[in-house]
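Asks: pasting the structure only:
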């Protein structure tokens, strides 16, 4: 069906089909929006647009400024409450993001600005740290904040902006900082607390004084749940590992030089595994970890 409209460029009256998104003006040749020609295109409230734009930008910048040891509350009995509080505190920012996303003619371009905002704020903050070790620790805090709090909170918010924001930020963040943060939802992370422990990794990290929520444990748990458990072969490997790992740990703990053993395991197997995960060389990590388990099995079980 055709309706009478007006070309927004030359202002001539034109007949436009109401079942198409765009059409060429027969007078000036301009490609125009059918909704715009029919006067149906929504008009932007520029005051509300500006307020929401600023709220979104300032909210993302505040995330970086206020980032302080986000891993310390990542514990089974604390995470749910901390996450829900984070979500409530930033819901207004998510609402602002959705408002602008709906108003933008080119929402993907606007999302790019949001990614540049949060990444730029992180880069600016990292430059204030003189030593490489301090910068690396700060970047780990950011990685944790984004992957365990921001992305799951954005995905929890029921809006059109949620998925494209999460996907785009992960892509741009990993590209900029050469990291490998993933896309996890709150339920995925929460359920992980009720899964089996990484026995050998936990024992190694505890021996080295790294604590139950250290970077090494978290990245290997995520690797297990997101990569190994995603295939039948990987799932079978995980199940086989849990059959023997507790016994291996008990027998290592009986050794007088257990701390030396765990230090060697960290340097020979665990650290190379983590480096492979960070490079997204997941199969090589699996092979490395398999070698460790087989060697330990031969030494402490066979």
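Replies: Done, it's in. Note that the coordinates shown come from a computational prediction; the quantities given were computed from them, not determined experimentally.

Asks: residue 180 - that's part of a helix, no?
Replies: No: using DSSP: H, G, I helix; E, B strand; the rest coil, the assignment for residue 180 is coil, not a helix.

Asks: what's the first helix or strand after the helix or strand of the chain with the lowest mean pLDDT?
Replies: Sorted by mean pLDDT, DSSP states H and E, the helices and strands of the chain end with helix 186-192, the least confident at a mean of 74. For helix 186-192, the following helix or strand on the C-terminal side (DSSP states H and E) is helix 199-207.

Asks: give the buried residues for that following helix.
Replies: For helix 199-207, a neighbour-count test (16 or more other C-beta atoms under 10 Å) marks 199-205, 207 as buried. (Each C-beta comes from the backbone N, C-alpha and C, glycine too.)

Asks: which of those residues scores worst on pLDDT?
Replies: Within the set of these, pLDDT is lowest for residue 199 (77).

Asks: ok, the closest residue to residue 1 other than its chain neighbours to residue 237 distance?
Replies: The shortest distance from residue 1 to any residue other than its chain neighbours is 5.5 Å, reached at residue 18 (C-beta to C-beta, 6 or more residues apart in numbering). Going from residue 18 to residue 237 by C-beta to C-beta, to the nearest Å gives 57 Å.

Asks: which one of these two has more residues nearby?
Replies: Comparing residue 18 with residue 237 by other C-beta atoms under 10 Å, the one with more neighbours is residue 237, at 18 against 12.

Asks: and residue 190, how many neighbours?
Replies: Per other C-beta under 10 Å, the neighbour tally for residue 190 reads 15.

Asks: just the buried positions in whichever strand or helix holds residue 294, please.
Replies: Assigned by DSSP H and E, residue 294 belongs to helix 282-300. Neighbour counts over helix 282-300 (16+ other C-beta under 10 Å) mark 282, 285-286, 288-289, 292-293, 296-297, 300 as buried.

Asks: could you check the pLDDT of the spatially closest residue to residue 181 that is not a sequence neighbour?
Replies: Leaving aside its chain neighbours, residue 181 sits nearest to residue 147 (4.1 Å; criterion: C-beta to C-beta, 6+ apart). On the pLDDT scale, residue 147 is placed at 85.

Asks: next: residue 43.
Replies: 55.

Asks: any idea how far residue 258 is from residue 241?
Replies: Taken as C-beta to C-beta, the span from residue 241 to residue 258 is 20 Å.

Asks: and those two? which has more neighbours close in?
Replies: More neighbours surround residue 241 than the other of residue 241 and residue 258, with 20 against 15 (other C-beta under 10 Å).
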